[in-house]
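> here's my sequence, what's the structure:
(chains A and B)
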Amino acid sequence: MNDDSNTEREPLIPGLPDEVAELCLLHLPYPYHFLLRSVSFSWNIATSNPSFLHTKHSLSLSQPYLFVLSFHKPTSTVRCQALHPSTATWFFLPPAPFPATVSFPEFACAALPRQGKLFVMCGTGCSSSNSNLVYSTATNTWSSASPMPTAKSLFAAETVSGKIVTVGGSGTEIYDTESDTWRWPFMFGPRGWVYDCDCDTWQVMRKGMREGWTGMGVGVGGRVFVVTEYGECQVKVYDEESDTWQYVGGDRFPSDVMRRPFAVRGFEEKIYVVSGGLNVAIGSVVICEEDDDNNGVRMRWEVVEAPKSLGELSPWKCQVLYA
Amino acid sequence: MAEKASESSNSISLNTVDGKIFKVSPTIANQMQTIQSLIKAYDSSRVISLPHVNAFHLSKIIEYLEGKSATTVSAVKEFEAQFMKDLSLKQLKGLLIAVGYLKVNELLELMPKTVAKLIENKSVEFLRKFFGIVNDFTPSEEAKIREEIAWAFDGVDED
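Numbering: from 1, shown residues only, chains lettered A, B, ... in the order given. I've put the predicted structure just below:
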């Protein structure tokens, strides 16, 4: 049966031309089409072909999913899950080949949302050297990528123009996701600095920005927001002109269902906050230029409550990917 | 030379494979891409033969194209849902072939969605039975793939 010639292959759905049958499979939401690989040889070939995901993208059938890496304290293991926000459905991802022992701050995570790729970089303290992992929604598998030039602890990562910038105590490095190579621009570890990716330089963070940075920062629509980590976790937005932070208008943060620790991510005009037990609050950012209060920024929050079975999980990183 | 348009206005006649003739308005015909290209090839007075479409399928397509011109979005949604609900799996497959041949874009969007909804979260065994698909894996191939996607088998519907 392992004949790759197209002519010999069984139809995807008997009685239907393959191109029409494939349309039906393309409409299956992620990640069901992976389950369907085992239906028949033809289904396996059709759904694992890279062109399948490509077509899915071009027909705008891909949707954003929130990928959450979390820590399960009772077993000291890392769990990987994906949430489809509009249907509030959680999916389990194949287990990532993480080192046997892990400790929290020594991982960082970045993503190429449109390509459906999630990068996890392991820092110092990982038992199996500093390997890096890539998850792809196209194949729903983990694979390894080039390790960082220097092992890091207490570091962070972010995607900027298709490149991943990692920042840690031992320096900043830039990973080119196309060529799977690392570049090492400078030697110092920033503490409250702002990196300009176009100029490739770090500047000292301005006083107002630094002092008002009282929580977890995210960038949405060219603005910097902070979800404060005390009290009712109000959200603030930074105003570059006056170097001040201002509370946003609109809904209050749903702090009653959200318990710390949080993982936070900004993506396409939305702020995603994952809480302990994996309740997710999704805040839509609405900009009204003529509104002078609150810097013209309002938020509308929706909560996706997690099933009880996820109650013991502490979120650690989250990323939004198209799948 | 300007000829007078025939009395039956400018409706288009379609002949199905089982020999039934349908007269449709240009608005309806324009939503079937294949007909559009056939109109150009045919002399307008002649009947267009559709070798791959039977009367039932064509009548359903016309029913859909006429029905979805409802005024409100919710009325269209309701109509579409009922339209799909009335079809058996066999009819759904037959209609999909006709729709694919005639290139009725809106149905080519709607119908695969319906099929996908039907099979979402179903077990592999259910799907094979549902579509009459022969399992052409060797046992070892199937075991290997099942192992790769073992995580995905949690939480599928009972057959």
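> and the helix or strand harbouring residue B:39, what does it pack onto?
Element membership for residue B:39 (DSSP states H and E) is helix B:33-41. Secondary-structure packing of helix B:33-41 (3 or more CB pairs under 8 Å, 6 or more residues apart in numbering or on different chains; DSSP states H and E): strand B:12-15, helix B:26-29, strand B:48-49, helix B:89-102. Heads up, the C-betas are built off the backbone N, CA and C, glycines and all.
> now do it against helix B:89-102, angle only.
40 degrees (axes from the mean of the first three to the mean of the last three CA atoms, to 10 degrees).
> list of residues touching helix B:33-41?
Contacts of helix B:33-41 with the rest of the structure, by CB atoms under 8 Å, 6 or more residues apart in numbering or on different chains, involve B:12, B:14, B:29-30, B:48, B:101-105.
> show me what from the stretch 51-200 of chain A comes close to chain B.
Contact residues (CB under 8 Å from any CB of the partner chain) of the stretch 51-200 of chain A with chain B: A:92-95, A:140.
> could I get the residues you listed as JSON lines with pLDDT, secondary structure and neighbour count?
Formatted as JSON lines, these follow (pLDDT from 0 to 100; DSSP: H, G, I helix; E, B strand; the rest coil; neighbours: other CB atoms under 10 Å in any protein chain shown):
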{"residue": "A:92", "pLDDT": "83", "secondary structure": "strand", "neighbour count": "14"}
{"residue": "A:93", "pLDDT": "84", "secondary structure": "coil", "neighbour count": "21"}
{"residue": "A:94", "pLDDT": "81", "secondary structure": "coil", "neighbour count": "17"}
{"residue": "A:95", "pLDDT": "79", "secondary structure": "coil", "neighbour count": "12"}
{"residue": "A:140", "pLDDT": "80", "secondary structure": "coil", "neighbour count": "24"}
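> of those residues, which is the nearest to residue A:212?
residue A:93 (36.2 Å; CB to CB).
> show me the contacts for the residue in chain A that chain B sits nearest to.
Going by CB to the nearest CB, chain B is nearest to residue A:27 of chain A, at 3.6 Å. Residues in contact with residue A:27 (CB under 8 Å, 6+ apart) are A:61, B:112-113, B:115-116.
> and what of residue B:115?
A:24, A:27, B:92, B:96.
> which other residues reach stretch B:50-65?
So stretch B:50-65 is in contact with B:14-18, B:20, B:22, B:24, B:28, B:31-32, B:83, B:87, B:91, B:94-95, B:97-99, B:101-102, B:104, B:106-107, going by CB under 8 Å, 6+ apart.
> out of the residues you listed, which are close to chain A?
B:94, B:97, B:99.
> by neighbour count, which of those residues wins?
Highest neighbour count within these: residue B:99, with 25 neighbours (other CB atoms under 10 Å in any protein chain shown).
> residue B:48 versus the closest residue to it other than its chain neighbours, what's the distance?
Of all residues not flanking residue B:99 in the chain, residue B:107 sits nearest, at 4.4 Å (CB to CB, 6 or more residues apart in numbering or on different chains). Counting by CB to CB, to the nearest Å, the gap from residue B:107 to residue B:48 is 19 Å.
> tell me which of the two has more neighbours.
residue B:107 (26 against 19).
> and the host helix or strand of that one, average pLDDT?
Using DSSP H and E, residue B:107 sits within helix B:105-119. Mean per-residue pLDDT for helix B:105-119: 89.
> in stretch A:302-316, what's buried?
A:303-304, A:306, A:310, A:312-316 (16 or more other CB atoms under 10 Å in any protein chain shown).
> make CSV from these and add distance to residue B:41, pLDDT and secondary structure to it.
Below are the buried residues of stretch A:302-316 laid out as CSV (distance: CB to CB, whole Å; pLDDT from 0 to 100; DSSP: H, G, I helix; E, B strand; the rest coil):
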residue, distance to residue B:41, pLDDT, secondary structure
A:303, 58, 95, strand
A:304, 54, 94, strand
A:306, 59, 92, coil
A:310, 60, 88, helix
A:312, 67, 90, coil
A:313, 63, 91, strand
A:314, 66, 91, strand
A:315, 61, 92, strand
A:316, 63, 86, strand
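> got a markdown table for those, with distance to residue A:287 too?
Putting the buried residues of stretch A:302-316 into a markdown table (distance: CB to CB, whole Å) gives the following:
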| residue | distance to residue A:287 |
| --- | --- |
| A:303 | 22 |
| A:304 | 24 |
| A:306 | 30 |
| A:310 | 33 |
| A:312 | 38 |
| A:313 | 33 |
| A:314 | 33 |
| A:315 | 27 |
| A:316 | 30 |
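> what's across from the closest residue to residue A:175 other than its chain neighbours in the sheet?
Among residues not flanking residue A:175 along the chain, residue A:164 sits closest, at 4.2 Å (CB to CB, 6+ apart). Here residue A:164 sits in beta bridges with residue A:159, residue A:175, going by DSSP bridges.
> can you pull the contacts of residue A:164?
Counting by CB under 8 Å, 6+ apart, residue A:164 has contacts A:110, A:119, A:121, A:157-158, A:174-175, A:177.
> go with 7 Å
A:110, A:119, A:157, A:175, A:177 (CB atoms under 7 Å, 6 or more residues apart in numbering or on different chains).
> my read is that the first one contacts residue A:119, right?
Looking back up the chat, that one is residue A:110. Yes - the pair residue A:110 / residue A:119 is scored as a contact, 4.8 Å apart, by CB atoms under 7 Å.
> ok, and the closest non-adjacent residue to residue A:108?
residue A:157 (3.7 Å).
> does that neighbour sit in a helix or strand, and which one?
Using DSSP H and E, residue A:157 falls in strand A:156-160.
> find the residue ranges of chain B scoring beneath the pLDDT cut-off.
B:1-9, B:43-45, B:150-159 (pLDDT under 70).
> how about the most centrally placed residue in chain B, what does it touch?
Against the mean C-alpha coordinate of chain B, by CA atoms, centre = their mean, the closest residue is residue B:96 at 3.1 Å. Applying CB under 7 Å, 6+ apart to residue B:96 gives the contacts A:16, A:20, B:111.
> ok, and the most crowded of the residues you listed?
Neighbour-wise, the contacts of residue B:96 (other CB under 10 Å) top out at residue B:111, 25 neighbours.
> state the distance from the closest residue to it other than its chain neighbours to residue A:21.
Leaving aside its sequence neighbours, residue B:111 sits nearest to residue B:96 (CB to CB, 6+ apart; 5.4 Å). Using CB to CB, residue B:96 is found at 8 Å from residue A:21.
> domain parsing for the chain?
Reading this off chain A. According to automatic domain parsing, chain A comprises the domains A:6-58, A:94-205, A:206-311.
> that's the other chain; I wanted chain B
B:12-119, B:124-151.
> can you give me the buried ones in the last one?
Neighbour-count burial for domain B:124-151, with 16+ other CB under 10 Å as criterion, is recorded at B:124, B:126-128, B:131, B:133, B:135-137, B:142, B:145-146, B:148-149, B:151.
> can that domain be said to contact chain A?
Yes - interface with chain A: domain B:124-151 contributes B:124, B:127-128, B:131-138, B:142, B:145-146, B:149, B:151 (CB under 7 Å from any CB of the partner chain).
> fine by me, thanks again.
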